[in-house]
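Asks: need coordinates for the following:
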Amino acid sequence: MTIPTPATARTVALFCLAGALLIGGPLRARAHSSSGPSDRRLEAPHRLRCEYREAPLGMDVKKPRLSWAVGDTSRGAMQSAYQIQVAGSPKPLANGEADVWDSGKVESDQSIQVPYDGPALQSGERYWWRVRTWNEEGDASAWSDARWWEMGLLKESDWQANWISSPEPLPQRPEQFYEDDPAPLFRKGFSLEKQPERARLYVSGLGYYEARLNGEKVGERVLDPGWTSYDHRTYYSTYDVTGQLREGDNALGVMLGNGWYNPRPLQLFGQYNLRDHLTVGRPRLIAQLVVDYADGTREVIASGEDWQVGEGPIVRNGVYLGEHYDARKEQPGWARPGFEAEGWNDAVRAEATAQHLAWQPQPAIKVTKRLEPTSVTEVRPDTFVVDFGQNFAGWVKMRAPGGPRGTRINLFYGELLHTDGAKEGLVNGFTSVVGHIKERWGLSGGPGAPPTAWQEDTFILDGEGAQTFRPHFTFHGFRYAQVTGWPEDQPPPTKEDFTGLRLSADLDKTGSFASSSALFTKIQEMTEWTFLSNVFSIQSDCPHREKFAYGGDIVASAEAFLFNYGMGGFYTKTARDFAADQRPNGGMPETAPYNGIAVEGLGGGSGPVGWQLAHPSVQEKMWRFYGDRRLLEEQYAATKRTVEFLRARAGDDGLIEKGISDHASVDPKPVELTSAAFYYKHARLLAGFAERLGKADDAREYGALAEEIKAAFQERFFKPQTGAFGFHTQASQLFALDYGLVAPEQEQQALDMLLAGIEDVHGGHLSTGIFGTEMLFDVLRRQGHSEVAYDVATRRDYPGWGKMLDEGATTLWEFWRGGTGPSHNHPMFGSISEWFYRTLAGINPAPGAVGFDEIVIAPRPVGDLKHARGHYDSIRGEISSRWEKTGSENGDGGLTLDVTIPANATAEVRVPTLDREAPTVRESGTVLVRGGESAGSAEAVEFVRMGERGAAVFDVGAGQYRFSVE
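Replies: Numbers count the residues shown, from 1 in each chain. Have a look, this model is predicted:
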């Protein structure tokens, strides 16, 4: 399906409407009135979004896309037309006017990703918008409440500010980066002759910044701006600071941290020095404060060489080795008016890192949850362990008592405790050692680096009484904090002295899942904690050891992320990050931003072929979940270059052999098979994108390439005598089945071999890793073997999620065995959450769906589950599915299934009949099926067939439904 643009909406809508009437399709069947519109007023549209945000501030999208959920709650509700009005303030809209743009009545069912099509938008202006819709009978809805978006600085000439920096040079020798280098403080005092009516601060600081106006922090963002390849794109943020300014004297202050722009030269894995691959330099700042007055005048305070710079109390900071905060070096009042900047220097001009500054499409990083410790235990003299009861990513906020000046309190972080020997009870930091720099492994971090790169923070008291500390420009992954150096003349620390601050992107929670299984409830909780530990401005593999956006981890877990959280803006950034660091030869990097890691890549800094798949994979998911055509258009050239790069590196048989394969699997990794399969997936995705974008020649060419790869794959890896692919691991069977690399006549044989691999070879356990685990549950769902998937998921021994939980895990491990070497906070095995939504709750986009316009509800009441429910707030509105067995404990009395389908969508509902040979199925009390045959009708519901897997299949329109099975 192609989403129509406004220019063609009327024609397309009329054609589609005519087609629907001719076909008489049950999904859109409504009682049409021959007398025209009724007097019924529909409920107003709701869930208005602009570029995936409710109220985006400082946006630079010149033709933003608008989406809404249709408010019509009647069954089968479909939008037939819409009208958008845009104004420069709410008042014209309240008066029924649009002084910027009025779309007029557009006959179209499009309610998502509708591009603004009015006059050119202006820098810094706020635009208010509202929408109303019409149903298929011609009834109009009420107008929605007005929402707004606000533009940022759209042109380079809008920036009067300059990049500035401290005059201090960078260290000359690697070991000097590990010495004190205070985070710079910048300030500018200014006077306003009038009370501002409106004020905006546009600001960016590399690597991170924290801004203050008149001594108060600006906004809730932390670790800002988001990490990018800074020479391609540098982000800025916009703040409404009207309430923080006053007539008279004011002061603007900004503190800078190193972030990813000035990392230490720590050699990760003993070989990767980030400074060799990232855009790096002395921290720098650009800030522009725009003040508007009621009389129409404007004043601009812009960063430049007239700003002052001094040294702050953060004497060391880095994303890996933590932060040292020396309270003795605090400069009270530095961001307030009247501060005497004695000993400060003039700022110096700095070069821009990128050609232009850009709006951040991803949500801000914020403190999204506060955790109170479950215990504080003195395990040794002067050694206390704070247990937060939960592994997470973020900071510890500590209230330190008064103590002697110069007292150093150290916080040492880890995911585990030592359980025996001389260190029993102490924090075990080995699962979260930065970059694998472990002295016991013989890996060196380079000159000046610590022998073992622990996660630590240090706070130095000023002797002036109680103080509260928290980091500013670092973050850690941990459950435990080990505290040493507590002042001896003070009472020992208590739980009230510590607060855990979870940091994450401030994502909308779009999904939920629950069931009668306590195990599944805990796995889902564990998955959500893991996911939120690994979404800052990138989706990371772990929040401690590497903190990188590895492509393979994104491929494996993106679908689960999308069900649980609103990822539209976030994955837009992900696609752009990979494209920005596309290698000169056309290959995609293993991680983005690129940092030099290219394990088993294909040359020139390109990553392994499966990790390169992140770029097209997120585009495909953005299309299915959000109908994002613009991203496909924007990224098409980069996607095509990647496939051409891969084609040039294929062997004589047309396949690619090199790669990492199914990382963290139990079985040996079928490297050659998976690399060939990944290559096929690249070509198949590109062919699909070309078809959607109307590039017929490319669609044919890359479709043919995919078929050539498929034929070569089958010839090389398929064993017709057994049905095995490769050397018959679960992963090798799954890659063939999941990617469609199996000929129809081979499919059952290949599936039988997979099932044998699960039951006979591994005793009912999985043996898969990062990719195969997601594939396992999806293939078993599609092939009708959800009972097998249930048995795998409920195993309490190795390998499985139950083992993690039984050993005290609160987040997901990287490896099934756990231990003290790998990470204990890794999202990749969170792909099981996708199975919860798609199989147990049964919420699925239909094949070919665009932004969930077509839905399949197909719950599977497997095992001893008594009930399950899931909901997903799609871009069109809420989708929900809730089933429960009735009668006796085993559901002998039947089953109820409650379903919600949003307006402007249709669904196929597969009602489980619990293997009854001649079931009776009712909808809201009306018998629709008796003895397996059609026996009645209900509004917007049509019985289609009895499914081959114990389900009665119905086509339904939008609305709420209650099915019951007897």
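Asks: low-confidence ranges in the chain?
Replies: Applying pLDDT under 70 to the chain flags residues 1-40, 889-891.
Asks: next SSE downstream of the top strand by length along it?
Replies: Counting by DSSP state E, the longest strand found in the chain is strand 383-400. Under the assignment DSSP states H and E, the closest C-terminal helix or strand after strand 383-400 is strand 408-414.
Asks: what helix or strand is V599 located in?
Replies: Taking DSSP H and E as the criterion, no element holds V599; it sits outside all helices and strands.
Asks: pretty sure it is touching S606, no?
Replies: No - look at V599 against S606 with C-beta atoms under 8 Å: they stay out of range, at 11.0 Å. Any C-beta I mention is one placed from the backbone N, CA and C, and that applies to glycine too.
Asks: so for the two, which sits in the more crowded spot?
Replies: Remark: of V599 and S606, S606 carries more neighbours, 25 against 13, as counted by other C-beta atoms under 10 Å.
Asks: returning to that earlier point: partner strands of the longest strand of the chain, with direction?
Replies: For strand 383-400, sheet partners with direction are given as strand 375-380 (antiparallel), strand 467-469 (antiparallel), strand 476-484 (antiparallel), strand 498-505 (antiparallel), following DSSP bridges.
Asks: spit out the residues that contact V599 and S606 alike.
Replies: Contact with both V599 and S606 is made by residues E590, according to C-beta atoms under 8 Å, 6 or more residues apart in numbering.
Asks: what sits against L93?
Replies: Taking C-beta under 8 Å, 6+ apart, one finds 85, 87, 128-130, 143, 146 in contact with L93.
Asks: so which helix or strand takes in it?
Replies: L93 is part of helix 90-94, with elements assigned from DSSP H and E.
Asks: mind listing what's buried in that helix?
Replies: Buried positions in helix 90-94, judged by neighbour count with 16 or more other C-beta atoms under 10 Å: 92-93.
Asks: with only the CA atoms kept, save it in PDB.
Replies: Only the C-alpha atoms of helix 90-94 are listed here, as PDB (Å, rounded to 0.1, in the frame of the first residue of the first chain):
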ATOM      1  CA  PRO A  90      -4.500  29.700  19.100                       C
ATOM      2  CA  LYS A  91      -6.900  32.700  18.600                       C
ATOM      3  CA  PRO A  92      -7.500  32.500  14.900                       C
ATOM      4  CA  LEU A  93      -8.300  28.800  15.300                       C
ATOM      5  CA  ALA A  94     -10.700  29.500  18.000                       C
END
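Asks: V850: how many residues sit nearby?
Replies: 21.
Asks: any idea whether it is helix, strand or coil?
Replies: V850 falls in the coil class when you classify it by DSSP: H, G, I helix; E, B strand; the rest coil.
Asks: surely it meets G627?
Replies: Yes - under the contact definition of C-beta under 8 Å, V850 touches G627, with a separation of 4.6 Å.
Asks: where along the stretch 51-200 of the chain do the strands fall?
Replies: With DSSP state E, counting those that start in this stretch applied, the stretch 51-200 of the chain shows strands at 57-59, 65-69, 79-87, 101-102, 114-115, 126-135, 147-151, 164-165, 184-192, 198-206, listed in chain order.
Asks: go on, the stretch 201-350 of the chain?
Replies: According to DSSP E, counting those that start in this stretch, the strands that the stretch 201-350 of the chain contains are 208-213, 216-217, 234-240, 248-257, 267-268, 272-273, 284-292, 298-302, 308-311, 314-318, 322-326, 345-346, 348-349.
Asks: pipe these into JSON lines and attach distance to F815 per row.
Replies: Written out in JSON lines, the entries for the strands of the stretch 201-350 of the chain read as follows (distance: least, C-beta to C-beta, whole Å):
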{"stretch": "strand 208-213", "distance to F815": "32"}
{"stretch": "strand 216-217", "distance to F815": "40"}
{"stretch": "strand 234-240", "distance to F815": "34"}
{"stretch": "strand 248-257", "distance to F815": "33"}
{"stretch": "strand 267-268", "distance to F815": "19"}
{"stretch": "strand 272-273", "distance to F815": "21"}
{"stretch": "strand 284-292", "distance to F815": "40"}
{"stretch": "strand 298-302", "distance to F815": "51"}
{"stretch": "strand 308-311", "distance to F815": "44"}
{"stretch": "strand 314-318", "distance to F815": "27"}
{"stretch": "strand 322-326", "distance to F815": "26"}
{"stretch": "strand 345-346", "distance to F815": "50"}
{"stretch": "strand 348-349", "distance to F815": "48"}
